[in-house]
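S.K.: 3D, please:
(chains A and B)
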Amino acid sequence: MYFESLAAVWHMDGHGFYVWLAYALTALPLVLMVWLPVKRMRQQWRWLQAEQRRSGAATAAQTPAMESDL
Amino acid sequence: MWTFIHKLGSPPWFFGFSGTLVRWLLPITVTLLLVGAIWGLLVAPPDFRQGNSYRIIYIHVPAAVVALAGYYVMAFAGAVSLIWRIKMADVTMRAAAPVGAVLTAIALVTGAIWGKPTWGTWWVWDARITSMLILLFLYLGVVALFEAYENKTAAARACAVLSLVGMVNIPIIYKSVDWWYSLHQPASIKFTGESAIDSSMLYPLLLMIVAFYCLFTVTLLLNMRAELVWTHRESGWLKQLVGGS
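M.R.: Numbering: from 1, shown residues only, chains lettered A, B, ... in the order given. Coordinates of the predicted model:
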């Protein structure tokens, strides 16, 4: 550890503002870059699951109706 | 090797493979990024001339290096897509563009923030900075061009051509610091010969570069997977996966 106190880490001999701003402006887009595709895929996955249930329920409802027609 | 490449072209196989890879690579990436950032921010010594502001190097250089590497990935995928008409190459090219754009933007923004205490200005129309700005526009151009076309096959072809033409910018970026010597400092790390940077600063930097490469791979795969789920929603293999989950 180079710094002696937490305040020194924050201040960085006057460069703290620049260093921490740069790291914050990097961390934010990086987190978003990972999170957004994960979120998008989860939504699609759930939509597709619901779609399968819908079509599954539709065929299940259809089959007995066809049998009763016979 | 060839069978592996061949398999990568198959969406169901790729989907399974990339799923396993992401599950392993994501925690590794996060660990590397955290260790590298803490090492660079807190452990490494300050620069004797620039003081602590130089610590921005641990995100600035990795972002820039991987932004350039990402362009190779995008342009190579574009070439494969043009020559062999492989759909997975289109998906790769499209997935790489936003990741590259974000990394280039990070390199530019952190560079501007680093420039203020070091050069006394946020921005200067230096050759390196200007050519990086062009790289950002090329990435954004590919993203925008793909959205502009109704026909996605034509869109992929146009994007491939744009990314290949944009390749001329890459050697300019590399050589800009040597050809037009202005404010931006030349490369500190060299593959051949001694690096102009002490090992106490070099190791965390190399670690961060590896971490950014891993991050690029993870986000590229995540983008590709999200794309595949949507474009293959009618395919039997995906329906089976969705039903089984």
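S.K.: tell me the mean pLDDT for the longest helix seen in chain A?
M.R.: Counting by DSSP state H, the longest helix found in chain A is helix A:16-69. Helix A:16-69 shows a mean pLDDT of 86.
S.K.: Same question for stretch B:125-139.
M.R.: Confidence for stretch B:125-139, expressed as mean pLDDT, is 94.
S.K.: Can you list the buried residues in it?
M.R.: B:126-129, B:131-132, B:134-136, B:138-139 (16 or more other C-beta atoms under 10 Å in any protein chain shown). Yep, even glycine has a C-beta here, placed from its N, CA and C like the rest.
S.K.: again, but for stretch B:75-85
M.R.: Along stretch B:75-85, the positions that meet the burial threshold by neighbour count (16+ other C-beta under 10 Å) are B:75-82.
S.K.: swap in stretch B:4-18?
M.R.: Of the residues in stretch B:4-18, B:8, B:11-12, B:14-15, B:18 count as buried by neighbour count, 16+ other C-beta under 10 Å.
S.K.: Averaging pLDDT per element, find the lowest-scoring helix or strand in chain B.
M.R.: The helix or strand of chain B with the poorest confidence is helix B:2-8; it has a mean of 81 (mean pLDDT, DSSP states H and E).
S.K.: now the angle from the helix or strand hosting B:Met74 to helix A:16-69?
M.R.: Using DSSP states H and E, B:Met74 sits in helix B:57-84. With axes from the mean of the first three to the mean of the last three C-alpha atoms, to 10 degrees defining the directions, helix B:57-84 sits at 40 degrees from helix A:16-69.
S.K.: just checking, what packs against helix B:57-84?
M.R.: Contacts of helix B:57-84 with other secondary structure elements, assessed using 3 or more C-beta pairs under 8 Å, 6 or more residues apart in numbering or on different chains; DSSP states H and E, are made with helix A:16-69, helix B:11-38, helix B:87-119, helix B:127-148, helix B:152-165, helix B:169-179, helix B:199-231.
S.K.: Nearest to B:Asp47 among those helices would be which one?
M.R.: helix B:199-231 (7.7 Å; C-beta to C-beta).
S.K.: so how far is the closest one off the chain centroid?
M.R.: Distance of helix B:199-231 from its chain centroid, counting by C-alpha atoms, centre = their mean, to the nearest Å, is 7 Å.
S.K.: Could you do stretch B:237-245 as well?
M.R.: For stretch B:237-245, the distance to the chain centre is 31 Å (C-alpha atoms, centre = their mean).
S.K.: And that stretch, what's buried?
M.R.: B:238-239, B:241-242.
S.K.: quick one: which two of these are the most distant?
M.R.: With distance counted by C-beta to C-beta, no two of these lie farther apart than B:Lys239 and B:Leu241, which are 7.4 Å apart.
S.K.: Isn't B:Ser176 up against B:Ala127?
M.R.: Yes. Here B:Ser176 lies in contact with B:Ala127, judged by C-beta atoms under 8 Å, at a distance of 3.9 Å.
S.K.: Now do the shared contacts for the two.
M.R.: Common contact partners of B:Ser176 and B:Ala127 (C-beta atoms under 8 Å, 6 or more residues apart in numbering or on different chains): B:His184.
S.K.: tell me how far the least confident helix or strand of chain B is from the chain's mean position?
M.R.: From the chain centre to the centre of helix B:2-8 is a distance of 23 Å (C-alpha atoms, centre = their mean).
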